[in-house]
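Peer 1: pasting the sequence and the predicted coordinates here, then a few questions.
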Amino acid sequence: MTKAFTPNIKSKRGKDLTKYVANFVYNTKFKSIPKEVVELAKKHILDGFGLALSGSVARTGNYLFAHIKKSSAKGKATVIGSKMKVPTNFAALANGVGIHSDDYDDTQLAVAKDRVYGLLTHPTAPCLPSAFAEGEVNKINGKDFLNSYLIGVDVECKISEAMSPRHYQHGFHSTATCGTFASASAAAKIRKYDLNKIVKSLGIAASLSAGLRENFGTMTKPLHAGRAAESGVIACDLVRYGWSSTDKILESPRGFFQAHGGGYNINSLKGKLGRPWTFKSPGISIKPHPCGSLTHPGMTKMLELIKKFDIKPEQVLKIDVGTNHNMQNALIHHRPKNEFQAKFSMEYSMAILLMDRRAYIPEYQDKRINKPDVQQMLKKVNFYKNKIAETAGYDKMTTIIDIYLKNGKRISGRGDFGKGSPAIPMTYDEVADKFLGCTEFAKWPSIKSKKIIDTVRNLEKVKDIRILGKLLSKY
């Protein structure tokens, strides 16, 4: 661990770090947010709603709906894709799991080269469910909804950026840990908590944050996002009842940063919330494929090569795919047998593009994964540590591809960023196309789907976001 990530508790800048975050939550007004940031947020909100719908028909959705029906009382918050109206904490849980269930949700790119391959957290999955559930119950308008969502996302991303890289390297899932702060911030803002209550909400949320990367490739990974969303709401609930917590949960020697990572970089957080907004810089990526983001630069380049050179599966002798070692530490499933493993398999992601020339939700289902043709193609993919990718820095997900054909030709390419990243952004209409693919998979009525697209496009004009609850639920 470098000195940059050793907290100086006696420093005046380190003092009151938690209160600095709380002040940002309390004082930020919608009118102060740049229009370009608001427009970017709309794309991610639409993306999140589509993923919640597709996630509602996943196995995780079936299991979680059964759990909620058994455990929860009636409420006013929508469980997206169902008929259920439940208390806000249960809606946040269900919708957070739904958004992250296909690993198709947005990701934050870090700035510094010593960060873990430039990927730290999934911002929308823990934040949007909290903002939406609380917004429905409190009958807020579109501007307040956007404001609370943007506040929560920025808090999550900046806390994650400040965390020592050891946090992720040693097994914590930052979507789960830092995402809890996003949920608590969004919920506290909508509830119009005063500064003291926001500080307490953050203090409780920090103690509820949890999630381990060993569960990547299982149903428990999306549970991390759902529990982060739920925990933030629960933290605010407890504060409402009078619950107490420390006022220095971030900066304390026994607090969040020190316990979870052994330190933090104060320069990545203090004075940086909304300056600039994370959506503006470094930006947040929207996924074109329902799998781990680490595969996306390679997948973008692979699909480009396949189409440019019209590569057929039967022509391929071998494929070498080289990355840095940190990417290999996360893409751990080399011969996947189910959808959860395939999402964290570089080999499968390359193989399915060669076989089908596309990789959407249907391509990451067990039935397709276990067909003999793709299983045979998996054996031709060699996933290895590449020196060029290693020296490129962990702020990129550099992927080096060499395709060897049976006729002796070699086709090569390099990908540093994937489609949907700030470097190769998706337009609102492109995100809408992805949204429609998700709703089609969920068999959602097309008339509702199109209304959701139009409503989110004009979200700042919406007087009561409960209109979205009607469009996102069965009734």
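Peer 2: Perfect, thanks for sending it. Computed from a predicted structure; not experimentally measured.
Peer 1: residue at max distance from the center of this structure?
Peer 2: Asn407 (41.9 Å; CA atoms, centre = their mean).
Peer 1: show me the domain layout of this protein.
Peer 2: Under the assignment automatic domain parsing, the domains of the chain span 3-287+429-471, 293-415.
Peer 1: most packed of those domains?
Peer 2: domain 3-287+429-471 (a mean of 22; mean count of other CB atoms under 10 Å). Where you see a C-beta, it was placed from the backbone N, CA and C, and this is true even at glycine.
Peer 1: now do the contacts for the residue farthest from the centre of the chain.
Peer 2: Gln315 (CB atoms under 8 Å, 6 or more residues apart in numbering).
Peer 1: from now on call the first residue 534
Peer 2: Right, with 534 as the first residue, what we last looked at is Asn940.
Peer 1: I'd like the distance between it and Val849.
Peer 2: To Val849, Asn940 is 11 Å away according to CB to CB, to the nearest Å.
Peer 1: under the pLDDT cut-off, which ranges of this protein? List them.
Peer 2: 534-546, 643, 646-652 (pLDDT under 70).
Peer 1: next one: stretch 789-807 to chain centre, how far?
Peer 2: 20 Å (CA atoms, centre = their mean, to the nearest Å).
Peer 1: mind listing what Lys722 touches?
Peer 2: Lys722 neighbours (CB under 8 Å, 6+ apart): Val558, Tyr559, Thr561, Asn680, Ser681, Ile684, Gly685.
Peer 1: do Tyr637 as well
Peer 2: Counted by CB under 8 Å, 6+ apart, Tyr637 has contacts Leu584, Ser587, Lys820, His822, Pro823, Cys824, Ile894, Cys971.
Peer 1: so it, which of the three states?
Peer 2: coil (DSSP: H, G, I helix; E, B strand; the rest coil).
Peer 1: now it: phi and psi?
Peer 2: phi -120, psi 10 (degrees, to the nearest 10).
Peer 1: report how many residues lie close to the nearest residue to it once chain neighbours are set aside.
Peer 2: Closest residue to Tyr637 apart from its sequence neighbours, by CB to CB, 6 or more residues apart in numbering: Pro823 at 3.8 Å. If you count neighbours by other CB atoms under 10 Å, Pro823 ends up with 26.
Peer 1: unless I'm mixing things up, Pro823 is touching Asp635, no?
Peer 2: Yes: counting by CB atoms under 8 Å, Pro823 touches Asp635, with 4.2 Å between them.
Peer 1: and for those two, which residues touch both?
Peer 2: Lys876, Ile894, Tyr897.
Peer 1: export the residues you listed to a markdown table and tack on secondary structure and distance to Lys781?
Peer 2: Below are the shared contacts of Pro823 and Asp635 laid out as a markdown table (DSSP: H, G, I helix; E, B strand; the rest coil; distance: CB to CB, whole Å):
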| residue | secondary structure | distance to Lys781 |
| --- | --- | --- |
| Lys876 | coil | 38 |
| Ile894 | helix | 44 |
| Tyr897 | helix | 43 |
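Peer 1: follow-up on the earlier one: any idea how far the residue farthest from the centre of the chain is from Pro846?
Peer 2: 14 Å.
Peer 1: now swap in Ala792 and tell me
Peer 2: Taken as CB to CB, the span from Ala792 to Pro846 is 49 Å.
Peer 1: Gly816 now?
Peer 2: In terms of CB to CB, Gly816 sits 35 Å off from Pro846.
Peer 1: nearest spatial neighbour of Met752, skipping sequence neighbours?
Peer 2: In space, Met752 is closest to Thr593, 5.2 Å off (CB to CB, 6+ apart).
Peer 1: how about the strands of the protein, start to end?
Peer 2: Secondary structure of the chain (DSSP state E): strands located at 610-611, 618-619, 640-641, 817-818, 849-856, 914-918, 932-938, 943-948.
Peer 1: quick one: which of those strands is nearest Gly775?
Peer 2: Among the strands of the chain, the nearest to Gly775 by CB to CB is strand 610-611 (23.0 Å).
Peer 1: in its sheet, which strands sit next to the closest one, and in what direction?
Peer 2: Sheet pairing for strand 610-611, assigned by DSSP bridges, gives strand 618-619 (antiparallel).
Peer 1: so who does Asp899 touch?
Peer 2: Counted by CB under 8 Å, 6+ apart, Asp899 has contacts Lys870, Asn871, Glu872.
Peer 1: please redo it, this time with the cut-off set to 7 Å
Peer 2: Asn871, Glu872 (CB atoms under 7 Å, 6 or more residues apart in numbering).
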